[in-house]
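**Student:** Provided below are the primary sequence and the corresponding predicted coordinates.
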Amino acid sequence: MDAARSLSMTQLGVPTGAWRWVAAGLVLAACLAAGLAIGSPDSVGWSGFLLLSGLGIVGALFLFTIWPRQPAIVGDWRRVAEAAGRSNVAWVITNKDGTVIECNDAYRQIARAKAGEAAPPPELALASDASAAMLYRLARSASAALRHEEQIAVGPGVEMLATVSPLSDGHTAWWFVPKFVAAKVTAEPEGLSSGTPAAPAASADILADAPIGVAIADRAGTIVQANRAFAEFFGQAGSSLARRIEDYIEPADRPSVAALIAGTREGAVELRAAGKSERTAEMYCSPFGSDENRAILYLVDVSEQRALETKFAQSQKMQAVGQLAGGVAHDFNNLLTVIIGNSEFLLGRHQAGDPSFGEINEIHQNAIRAANLVRQLLAFSRQQTMQPRVLDLGIVTSELGEMLRRLLREGIDLRMDAAADLWPVHADEAQITNAVINLVVNARDAMPKGGTVTIRATNQSLREPMLLGSATMPAGDYVRVDVADTGIGIAKEYIGKIFDPFFTTKPVGQGTGLGLATVYGIVKQMGGFISVESEVGRGTTFSFYLPRYAGVVEARPEIAGPRDITGEETILLVEDEEAVRSFAARALKQRGYKVLEASGGEQALEILRARTDDIALIITDVVMPNMDGPTLVRAARKLRPDMRVIFMSGYAEEAFRRNEEKAEDLHFLPKPFGLKQLAAKVKDVLSGAT
């Protein structure tokens, strides 16, 4: 814009010379005569009018003919100057004696001239041994009013295309366009100088803020120049890096980096910053032009990429372990169903006081403990049977208080704090209880000298997504439950592993490593999120978030007293495991039911076609060879749309997702189960209580 204003000051009036005065005299004479004619028209007459008109017309035409056309040219230059002023191209205008009369900010930066100061001419601003000859040829062309171009080297890897163009008023326009030479580029931001003479400011700024690190080093690994990203990666921003690069990297990575710089190794080398093993980068090396003693180093920070790769590998490992755990748990459930069921048969025949009662009861109790361990495996693998309903977590946690106090040793206090207006959530109460118990037991073990466990339930609204560990919790309304302790805390290096299955910091024999993994699986399966905050010596807080349910809290069912669980209906029992089928059939027959047994889906369909009318209920396993449980149910309901069904499986949730029927038409009996659980479930379904 300054150049536009300067160029617009070029004279736009009548050009100097005798012709200007002749034309002006003719016009003036015509004007005076016209005034006389207007004042006394009678003395002039028509001939005078014609003469005066002719003089005026001739003078006006002559004046128009010699009027200069320079404004259009200047307008073009003004537009060019304005466009250049808005770009990064440097330009300067000099007069005949070489004095700068106008320039833009880019030229002032090259010439290192402050605003308001007189900028030096290009011959002085860019003077150096390498550019002296080119600047001389440009200046000579400018004095001769000739257009000329030269390539001027202004720094390592940076050249400028310099052009002089004569203007019509005797002035000269100089234009400087930077050219970037990729194979030789480096930059030296302020504070990272190694003693090498600095390049002009324009070249130093080219890579100073580049997103990757760039440095020049000799073949021995000593850094000569570096940009800001290179220095900041090693935590040396604002200080000198004029040392060997091996001083800034981990010892294990030094041999490979040295070989890369020396030219004996090709490709990229991965390295870690010294003392900051979490900072990882890939280094590339290329020759520094024709200088065989130097090399250009390119440093790409891949810390976030490696962290994501680690998290992805961890998630794959968790998925694999989860699948294995789910498969093992399913097989164990079948075995435990047989052990628990038959031990209950024996306990029915051997009452307390019988010599065998103690051993049988021990088998039964340990089978139940094993069943709890299997539930933890299923919770971790997110394959356990879920029975969600609308809950008030304030009520759920308060009812746990007495049982939790019995779990805590002397010297540990339990404090419970729940907001009065907690939002409802849709969750499985048994699983929520299991999660809270696991967290409280974990807190107890972290306080060997006593302390305080605090359970707090509050509402929390998020206007924006929030990062929790490696997961991002979407914006929305949540109910937050905190379980905090005042124990020994968790070391920083263990925080990322505490939810891993079988990982524990407890001594051998004092922990399975499944407690926190179980909590993680329960919360995730309910659509929630979990996080942990800990400080060594001050305690740990686990927080899990469950989404708010947009509905009303259901009335809590009353505890029912003893009831009749016998019946006379006909039941079709479908189970491929003979031991499980034998136990279940025996248990139902003891309660008065008629039982038809089938070892698979095909056999069950044959029985159903033969006795469609008198079968009141189908009890089937979910996972079976050839025809699974859901497929059998779909075929059975084509024959009997009103057929009642109970699924038996630890995979009930997965089967439910695959099934096309409505959720309320299906009932579940998770394995392992005992005599009373089986008989009670059958009675409820047949009577329509569930």
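**Tutor:** Arrived safely.

**Student:** can you list the buried residues in stretch 533-551?
**Tutor:** In terms of neighbour count (16 or more other C-beta atoms under 10 Å), stretch 533-551 has its buried residues at 534, 539, 540, 541, 542, 543, 544, 545, 546, 547, 548, 549. The C-beta positions use only the backbone N, C-alpha and C, and glycine is treated the same way.

**Student:** export it to PDB, keeping only CA atoms.
**Tutor:** Below are the C-alpha coordinates for stretch 533-551, written out as PDB (Å, rounded to 0.1, in the frame of the first residue of the first chain):
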ATOM      1  CA  GLU A 533      -6.400 -41.200  40.300                       C
ATOM      2  CA  SER A 534      -3.600 -42.100  42.700                       C
ATOM      3  CA  GLU A 535      -0.700 -40.600  44.600                       C
ATOM      4  CA  VAL A 536       1.800 -42.700  46.400                       C
ATOM      5  CA  GLY A 537       1.500 -42.300  50.100                       C
ATOM      6  CA  ARG A 538      -1.800 -40.400  49.900                       C
ATOM      7  CA  GLY A 539      -4.300 -42.900  48.500                       C
ATOM      8  CA  THR A 540      -6.300 -43.900  45.500                       C
ATOM      9  CA  THR A 541      -9.700 -43.000  44.000                       C
ATOM     10  CA  PHE A 542     -11.500 -45.200  41.500                       C
ATOM     11  CA  SER A 543     -14.400 -43.500  39.700                       C
ATOM     12  CA  PHE A 544     -16.900 -45.100  37.400                       C
ATOM     13  CA  TYR A 545     -19.600 -43.400  35.400                       C
ATOM     14  CA  LEU A 546     -22.900 -44.900  34.300                       C
ATOM     15  CA  PRO A 547     -25.200 -43.100  31.700                       C
ATOM     16  CA  ARG A 548     -28.300 -41.400  33.100                       C
ATOM     17  CA  TYR A 549     -31.600 -43.300  32.300                       C
ATOM     18  CA  ALA A 550     -34.300 -41.200  30.900                       C
ATOM     19  CA  GLY A 551     -37.200 -42.800  32.800                       C
END
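
**Student:** picking up where we left off before, quick check: the farthest pair among the buried residues of stretch 533-551?
**Tutor:** Checked with C-beta to C-beta, those reach their widest spread between 539 and 549, with 31.2 Å between them.

**Student:** so what are the sheet partners of the helix or strand harbouring residue 215 and their directions?
**Tutor:** Using DSSP states H and E, residue 215 maps to strand 213-218. Next to strand 213-218 in the sheet, as set by DSSP bridges, lie strand 223-226 (antiparallel), strand 291-301 (antiparallel).

**Student:** in a markdown table: those strands, plus mean pLDDT.
**Tutor:** A markdown table is the format used below for the strands paired with strand 213-218 (pLDDT from 0 to 100):
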| stretch | mean pLDDT |
| --- | --- |
| strand 223-226 | 83 |
| strand 291-301 | 85 |
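
**Student:** make a markdown table out of the ones you listed and add mean neighbour count and distance to residue 606.
**Tutor:** Compiled in a markdown table, the strands paired with strand 213-218 are given as follows (neighbours: other C-beta atoms under 10 Å; distance: least, C-beta to C-beta, whole Å):
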| stretch | mean neighbour count | distance to residue 606 |
| --- | --- | --- |
| strand 223-226 | 25 | 81 |
| strand 291-301 | 17 | 67 |
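
**Student:** understood, closing this out.
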